[in-house]
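got a structure for you, letters missing:
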């Protein structure tokens with residue numbers, strides 16, 4: 001009798017330990033390879049979002065992928081180029097593509113230019129902001145898929161729309177007030193190229209040159225290999241830790257000029273490297289420099305980080 005009870009207890013403990021593994025075994029990696037995607041194309045949970053232009057999508061896309069043009073996810077609002085849509089609009093967009101919380105969503109796009117290569121991450125961050133957990137970026141994007149001669153389709157795919165009400169996670173995005181109210185407490189990561197950080201160059205839409213005082217420069221381009229795939233997890237961690245330190249619970253904000261390239265590091269840091277408190281500032285320097293009380297510096301040296 002005692003033996004039977006012991007066996008049952010052992011079995012219960014084993015199942016308890018196994019259950020998390022069973023649950024998380026169905027989750028998808030934050031970055032998926034072209035081979036992984038090819039092997040999972042017929043999975044009924046999978047939705048592939050192609051954020052390229054309609055014209056590029058029509059010329060050829062991953063079989064089954066739907067065209068989710070980037071401008072539906074970040075648009076002009078209050079004079080800012082890449083503003084986060086209102087929650088109702090995000091819900092409408094997600095619902096239009098028939099996405100629900102149990103779906104696996106892989107986001108892909110064009111990697112031809114830096115601006116285009118960052119768009120997938122912005123869409124991925126917005127999906128996660130709305131509560132979609134299983135989101136992934138396609139490593140190397142459409143460029144790698146095409147280079148490997150994987151199958152393409154010209155069929156215009158449409159999914160059945162479903163009502164969607166997001167479970168919003170407020171800490172995904174930051175605004176100017178959040179940064180101003182927490183100056184000195186935040187690790188600010190300016191992810192623009194060095195010449196924009198120092199003020200040697202600026203975008204036309206940004207009123208002034210320079211960066212937010214105290215920010216560290218960690219260009220988004222450093223996250224990629226020459227073929228536009230991501231660097232290894234170990235390489236990415238080394239880059240981030242050199243700028244932001246090793247504390248995975250530190251309060252961090254990534255920013256750029258218009259909120260288009262900073263989502264790359266926000267996504268990788270939270271989904272791949274284990275940082276728990278990272279927000280992206282979608283208004284970026286375009287918004288920051290419009291505020292008369294927002295400090296700006298052109299200091300050429302990246303400030304020494306606190307250990």
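That came through, no problem. Remember, predicted model here, so these are calculated numbers, not experimental data.

correct me, but residue 173 touches residue 284?
No - contact criterion Cβ atoms under 8 Å: residue 173 and residue 284 do not qualify, at 11.5 Å. The C-beta positions use only the backbone N, C-alpha and C, and glycine is treated the same way.

pick out whichever of the two has more residues nearby.
More crowded of residue 173 and residue 284, by other Cβ atoms under 10 Å: residue 284, with 28 against 21.

how close does that one get to residue 215?
With distances taken as Cβ to Cβ, to the nearest Å, residue 284 is found 12 Å from residue 215.

shared neighbours, those two?
When contacts are counted by Cβ atoms under 8 Å, 6 or more residues apart in numbering, residue 284 and residue 215 are jointly contacted by residue 255.

contacts only, for the nearest residue to residue 129 once chain neighbours are set aside.
Using Cβ to Cβ, 6 or more residues apart in numbering and skipping the chain neighbours, the partner closest in space to residue 129 is residue 172 (4.2 Å). Going by Cβ under 8 Å, 6+ apart, residue 172 touches 125, 128-129, 266, 279-280.

may I ask which of these has the most neighbours?
When neighbours are taken as other Cβ under 10 Å, the top entry among these is residue 280 (31 neighbours).

and the contacts of the strand or helix carrying that one?
Using DSSP states H and E, the secondary-structure element containing residue 280 is strand 278-281. With contact meaning Cβ under 8 Å, 6+ apart, strand 278-281 is reached by 125, 171-176, 178-179, 252-255, 259, 262-263, 265-266, 269-270, 288.

taking these, please make a PyMOL selection of just the buried ones.
In PyMOL, the members of these classed as buried (16 or more other Cβ atoms under 10 Å) are selected with the following command:
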select buried, resi 125+172+173+174+176+179+252+253+254+255+259+262+263+265+266+269+270+288
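
pLDDT score assigned to residue 56?
You'll see residue 56 listed with a pLDDT of 96.

the one 3 residues further on too?
On the pLDDT scale, residue 59 is placed at 97.

ok, now residue 286?
Reported pLDDT for residue 286: 91.

repeat for residue 196
94.

what's around it, how many residues?
22.

and the gap between it and residue 262?
Taking Cβ to Cβ, one finds residue 196 at 12 Å from residue 262.

go on, residue 210?
Residue 210 is 17 Å from residue 262, by Cβ to Cβ.

repeat that for residue 194.
On the measure of Cβ to Cβ, residue 194 and residue 262 end up 15 Å apart.
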